[in-house]
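Asker: What would the 3D arrangement of this be:
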Amino acid sequence: MAFSNYFCYYAFRMTRTEENYIKAIFHLEAADDTVSTKAISESLQLNAASVTDMFKKLGEQKLVVYEKSKGVRLTEKGRKSALKIIRRHRLWETFLFEKLKFSWDEVHEVAEQLEHVHSDLLIEKLDALLNYPRVDPHGDPIPDVNGKMLESKAISLVQAKTGQFYKVAMVKADSTTFLKYVNKIGLSLGDVIKIKEVEEFDGSMRIQLSGKNEIVLSRQAALQLFVK
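Answerer: Numbering: from 1, shown residues only. The predicted structure follows:
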């Protein structure tokens with residue numbers, strides 16, 4: 001069986017709930033090799049007992065490796081499935097933003113529903129219609145049909161150095177209120193900014209937007225912005 005067919009086959013067999021778990025584990029694994037029951041419970045807003053039961057079920061399907069004392073991690077099969085879900089989600093976000101003119105704070109919630117539509121042909125045609133985009137409206141890389149995606153070299157804004165110029169490359173998309181806030185202050189992907197000052201007391205930052213006034217960002221906001 002060809003790799004692309006293999007990649008599609010297993011994701012198709014998962015339920016919507018299982019897909020949500022697999023995607024959540026994938027995102028949380030970026031910060032750690034294993035993901036705790038507590039982390040998934042908080043991410044999906046579910047009780048620990050339900051999460052543990054699902055970990056066991058996903059383990060039986062060879063999608064994860066679950067160890068009670070350590071947590072859970074995706075198998076290669078689970079990772080391929082997660083990448084396919086993420087591909088669908090980010091392509092739908094791009095379609096909604098570019099073709100239907102949704103704002104970038106609206107696309108995430110709608111794409112959460114559309115990502116569970118299981119039609120490989122539809123996604124292939126959607127990709128072609130959008131001219132094979134490499135990133136979504138928030139700057140996140142889009143996996144290709146084989147599960148490969150660009151490795152982002154962006155750093156968190158809190159890692160930026162005072163006096164240096166940076167370009168806004170990515171914004172975390174899981175908070176609608178934050179995206180609305182970014183719109184409100186007039187910050188967009190591709191904007192060039194200069195770090196003017198970092199407050200030692202609370203980590204808040206004073207930045208200069210290109211051609212615009214200076215603004216002050218809290219450390220919490222800076223953690224959700226990524227720059228190059």
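
Asker: CA atoms only: put the host helix or strand of residue 55 into PDB for me.
Answerer: Secondary structure assignment for residue 55, by DSSP states H and E: helix 48-60. What follows is helix 48-60, C-alpha atoms only, in PDB (Å, rounded to 0.1, in the frame of the first residue of the first chain):
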ATOM      1  CA  ALA A  48      -9.400  12.400  34.000                       C
ATOM      2  CA  ALA A  49     -11.300   9.100  34.000                       C
ATOM      3  CA  SER A  50     -12.700   9.700  30.500                       C
ATOM      4  CA  VAL A  51      -9.200  10.700  29.300                       C
ATOM      5  CA  THR A  52      -7.700   7.500  30.700                       C
ATOM      6  CA  ASP A  53     -10.300   5.400  29.100                       C
ATOM      7  CA  MET A  54      -9.700   7.000  25.700                       C
ATOM      8  CA  PHE A  55      -5.900   6.600  26.100                       C
ATOM      9  CA  LYS A  56      -6.400   2.800  26.600                       C
ATOM     10  CA  LYS A  57      -8.700   2.700  23.500                       C
ATOM     11  CA  LEU A  58      -6.300   4.600  21.300                       C
ATOM     12  CA  GLY A  59      -3.500   2.300  22.600                       C
ATOM     13  CA  GLU A  60      -5.500  -0.700  21.500                       C
END
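
Asker: so what does that helix touch, helix or strand wise?
Answerer: helix 16-29, helix 37-44, strand 64-67, strand 71-74 (3 or more CB pairs under 8 Å, 6 or more residues apart in numbering; DSSP states H and E). Just so you know, the C-beta spots here come from the backbone N, C-alpha and C atoms, and that holds for glycine as well.

Asker: which regions of the protein lie under the pLDDT threshold?
Answerer: 1-13, 31-32 (pLDDT under 70).

Asker: where exactly do the strands run in it?
Answerer: 64-67, 71-74, 155-156, 165-171, 192-198, 205-209, 214-217, 225-227 (DSSP state E).

Asker: ok, and what's touching the third one?
Answerer: The contact list for strand 155-156, computed with CB atoms under 8 Å, 6 or more residues apart in numbering, reads 222, 223, 225, 226, 227, 228.

Asker: hang on, the fifth one packs against residue 160?
Answerer: Yes - under the criterion of CB atoms under 8 Å, residue 227 makes contact with residue 160 at 6.0 Å.

Asker: list the residues that contact both of those two?
Answerer: Counting by CB under 8 Å, 6+ apart, the shared contacts of residue 227 and residue 160 are residue 166.

Asker: what domains does the record give for the chain?
Answerer: By the assignment in automatic domain parsing, the chain contains the domains 1-151, 155-227.

Asker: can the ones you listed go into TSV with extra columns for mean neighbour count?
Answerer: What follows is the domains of the chain, written out as TSV (neighbours: other CB atoms under 10 Å):
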stretch	mean neighbour count
domain 1-151	17
domain 155-227	15
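
Asker: returning to what we had before: now the helix holding residue 55, how far from the centre of its chain.
Answerer: Relative to the chain's own centre, helix 48-60 is displaced by 23 Å; criterion: CA atoms, centre = their mean, to the nearest Å.

Asker: same deal with stretch 122-131?
Answerer: On the basis of CA atoms, centre = their mean, stretch 122-131 sits 20 Å off its chain's mean C-alpha point.

Asker: by contact count, what packs against the helix ranked longest in the chain?
Answerer: In the chain, taking DSSP state H as the definition, the longest helix is helix 76-98. If you count contacts as 3+ CB pairs under 8 Å, 6+ apart, helix 76-98 packs onto helix 3-13, helix 16-29, helix 107-114, helix 120-129.
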